[in-house]
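Asker: Coordinates for the following, if possible.
(3 chains)
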Amino acid sequence: MYIPDYYEFCCRVNIVAGHDALEKIPGLLSAMGANNPMILTDKGVKAAGLVNILVQAVEKGLTIKCIEDDVPPDSDVNVVHRLARIYNETGCDSIIALGGGSVMDTAKGINILVSEKSDDLMQFTGAGALKRKLKPLIAVPTTAGTGSEVTIIAVIADHEKNRKMAFASYFLLPDAAIVDPRMTLTLPPHITAATAMDALAHSVEACTMLSKNPLSDAHAKEAICLIKTHLLDVIANPSNKEGRLALATAATLAGVAFSNSMVGMVHALGHSFGSVCHIPHGSCMAILLPYGLEYNLHKIEDRMGELLFVLAGPETYTKTPKEQRALKTIAWIRQFNQDICTATNGMHATCFKDIKDQDQNRRVPEEMLPDIALTALGDGAAFYNPEDTDYDDWLMVAKAAWEGVSLDRTKIKIG
Amino acid sequence: MGMEPTEFTFLCRTKTSFGKSALDHLPFDLSSMGAHKPFVLQDNQTSESHCTKPLIQAFKESEMTLGIYPALDRECPVDMETLKNCYQLFTDKGFDSIIALGGKQVVDLAKVLNMAVSWGPEALETSHEHSVGAPPLVPLAYVPTTAGDGRETDCSAIFNGKRFDLPGLAPDIALIDQSMMARDTLNNIVNAALTCLAVSCETLALSKNPPARAYAATAVGLVMTPLFALLNKDTYSDTTIFPNNKKDQYHLSCLVHASAITGYLITNVRSLIGFKMGNAMPKSCFASPGRAMLVVLPAILEIFSNTDSDMDLLLLNLLGQDAFCTIPSSQHGVTAIQTLRNILNNLYGLSKGAIPRTLADAGMNSGKMDIYFKAICQQEFDVDPDKIKAILIHSFDGQPMAQG
Amino acid sequence: MDTFIEVKPQKKIFQRIYLSIMLWFVGRAIQAASRVDEQVKNEFNTMPDNYTFSLGAFPHGPYMVIGKDDNGKVRYLGSDIEKQPVDLELTLKSMAHFFLLFTFMESTPTANSRDRMCVNGDVPPACAAVRILDIVQVYLLPKFIAKLAIKRYPRWSFKRHTLDRALVLIRTLIGF
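Answerer: Below you'll find the model as predicted:
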């Protein structure tokens, strides 16, 4: 077991999982002295009928003060301010955030304002502005991917000033994360695949980056086991409730892992593809994961070798000579991506040039790659990457991932 | 591998910090919780080992004032008078956080003091009602100086004969710095390690709670090497004092970390049969509940594990990846249990018989099994009493059930 | 000890002096490198004008403050963090951790991975600031020490290793 010279681990979220986890929300809130929640969600979640399921599960034990579904895909400071006013005007005492990353971030932003009795979110940017517990917040994720129900970060955009504000504090953690498979039962196969690969990327990076520690490794390995065991089956049988619970659990465990050991270049470059070309985050993770591992191979060979055991099983691990295990891990992930692509009838891309819009135009034109490389320079995830990265490195990896060819490792500058 | 999740909950309020220069994080961590004036509780073992020195050193440049209460006597239970003194000092002098430096006794006092200063002294009478919707407790940092039995980091406190069980009681921070390891007897250290090993192994084998299994896997890894390193000295004696050098300090800090995890597991895995049985075993026979827990564990796993794959994670963490791969999957269960028996045998040998392998080694009388059984059944078990009896019988001489 | 005592731990005089001197050098070196080194100039160009960042220890320093004025000129603004608003704060969580960093017992990536540092401000300029610090460390330190401090020792041209290095060092000493 690898024990670093120093590490920290914290997950103060009450993880409540099960086929009737939603029904436990009233009890959780009342133990915190709250009974009048605001339900926060987005229009996509509402249209999928998930709000109705939540309301039916909790309405007997709570007085739902308002249901707000006007959260944009990219959380916005004006929306946060408006919803905080509604929270106060309607006499809410808690928030139930039902949705993905943007809803979670918006909920965290609202919670800051209503708890600190402020109307200016800007005062609380950065790490260390919050010094005390906020009002109750329950997170109900509706994708099995981002893990934002267990992270200490919220990123909220100020579109007028064209900047993103980051908030970081243990006090931003939700009081509880509700992992209920009913929330992901209707996810289409290709989105199930993308979000699960996001969780896989979280787990693999958590195990291989500079901040790795035994507790995050253990959580990540549990997540990896669940994803590799259940994902293809859930894609083939979307109504498989046990499989859905397993994937949702994996996503939360992966979130716990990466929020304590951080992520690296896969996420840095993935964020850039996402912000420049608006490629869904999960798709970016799935494509970039083998490339990040290839780039860092010379620094993390042993760690990657250990991961082969978790990914491919003891038999493959034993039969693979030690010096080939790391490469086999990368090959396994590539093959897994390919299997998912087949299972989703080609909707899960294995390289960026294959991602096309409705008119069959490439969503990532090759000429955008320099911009993507430039954007990656400004992503903090690179700090935790084992090997250093400059503009040329980002461009090299982006090009290989675009093309769908293996990285030319002879061109990697070794630190 | 192993268990598929069904229904579970897991909550660990404590931030764990472990390693080099960990103590230097404490002022920042307290400040980030709005605290600037910590009240320090310690015991005599801590003060004899001069553990407040590195603590004060860590607070240099922090502009924080520490209030250091006189050391508590580890051998004497803390009385109401002490609590009142602490409460008075805390409130009169405007402290805003608590640092518990030491072991279980100090932490119990810290938790109870926390309730009193945060919710008022009357909260000690009506703690449960007070906790609903109550303001948060003041920040509590636990800085262990020796390995404990897990109660330090769980959600309970025992004071003046009364037990308090509240989710908010767990410390906000468990900070393990090897420079803070106080001198303690091998007996105490081994007892803590065995409790941790028993609780973690049972969790790995029988729990369907993935976060609990993750913590348990880490704990097993933290215990195994240091435990055998500390025991592998030329002469074993319960009263041998550790640590004696930097390597001992590091090993001890790993065990302390593992015992902190024990607390998280006890709080979250309510169905730990070995834990409950161990705590109900006669104190005349077992130097600590942890030794009893480990003795009964093989029989518990034989009875309660359903399939070989249930034992995968346990076997993996006991043997390591490479050795695990040499065992056919159909033999995982029996190998895991045999590995535990081998560990018991090794511990027995290294300790010159002080650590029992079986109930018979511990001096339990086979003719008094019914008496032991009745005592154990006073604990709340959600299992068939016949199975508890079977565990006792098969743990008496340590025979595998297939043979016995 | 059998009485209750209040202890206000003192200062770490030696560490404070050492770190203050090191930060003075590094601050002036950053100013110098911004005039000499193309890569440092490009990194500062990604920051807006009138932007300041600081590097220091919690809770009260020592600090180094670097600012870019509205003409794009980069200056070392001294050690007083109160004098002007700071847009980006790179803070080590204790002076002890800062000392580990500036005695190269922990490299910058190691300090980061061990949660010794926290960042308040926008992330892209923080990334640029860290890259600037890395470059300046390469200029100031002999290779065998610089390699302890940064993730990857860069492959520079002969001119950059010699002439540019000399210019940076001279400008650091002169303060121009």
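Asker: Which of the helices or strands spans the residue lying closest to A:Lys135 once chain neighbours are set aside?
Answerer: Nearest in space to A:Lys135, with sequence neighbours left out and distances taken as CB to CB, 6 or more residues apart in numbering or on different chains, is A:Ser115 at 4.8 Å. Where C-beta positions appear, they are placed from N, C-alpha and C, glycine not excepted. Secondary structure assignment for A:Ser115, by DSSP states H and E: helix A:101-116.
Asker: Next secondary structure element downstream of that helix?
Answerer: Where DSSP H and E defines the elements, the next helix or strand beyond helix A:101-116 is strand A:126-127.
Asker: what's the next secondary structure element after that following strand?
Answerer: Next along from strand A:126-127, by DSSP H and E: strand A:137-141.
Asker: Any residue of that next one touching chain B?
Answerer: No - contact of strand A:137-141 with chain B (CB under 8 Å from any CB of the partner chain) is absent, the minimum separation being 13.1 Å.
Asker: So for stretch A:44-64, what gets flagged as buried?
Answerer: A:45-46, A:48, A:50-51, A:53-55, A:57-58, A:62, A:64 (16 or more other CB atoms under 10 Å in any protein chain shown).
Asker: ok, now stretch B:61-71?
Answerer: Neighbour-count burial for stretch B:61-71, counted by 16+ other CB under 10 Å, picks out B:61-62, B:64-71.
Asker: so how far does it reach from one end to the other?
Answerer: The separation between the terminal residues of stretch B:61-71, taken as CA to CA, to the nearest Å, is 25 Å.
Asker: quick one: average pLDDT of stretch B:100-111?
Answerer: In this model, stretch B:100-111 carries a mean pLDDT of 95.
Asker: What is the burial count for the residue of the stretch 251-400 of chain B found nearest chain A?
Answerer: Scanning the stretch 251-400 of chain B for the residue nearest chain A gives B:Cys325, at 4.2 Å (criterion: CB to the nearest CB). Using other CB atoms under 10 Å in any protein chain shown, B:Cys325 has 17 other residues around it.
Asker: Tell me if I'm right that it and A:Thr318 touch.
Answerer: Yes - judged on CB atoms under 8 Å, B:Cys325 makes contact with A:Thr318 at a distance of 4.2 Å.
Asker: For the closest residue to chain C within the stretch 201-350 of chain A, give me its contacts.
Answerer: Of all residues in the stretch 201-350 of chain A, A:Leu210 sits closest to chain C, at 3.7 Å by CB to the nearest CB. A:Leu210 makes contact with A:262, A:264, A:384-386, C:109-110, C:112-113 under the criterion CB atoms under 8 Å, 6 or more residues apart in numbering or on different chains.
Asker: Could you point out which of those residues is nearest to chain B?
Answerer: For those, the nearest to chain B is C:Thr110 (10.7 Å; CB to the nearest CB).
Asker: how much space is there between that closest one and C:Ile150?
Answerer: Distance check for C:Thr110 against C:Ile150: by CB to CB, to the nearest Å, it reads 10 Å.
Asker: Equivalent analysis for B:Ser118, please.
Answerer: Relative to C:Ile150, B:Ser118 is positioned 46 Å away (CB to CB).
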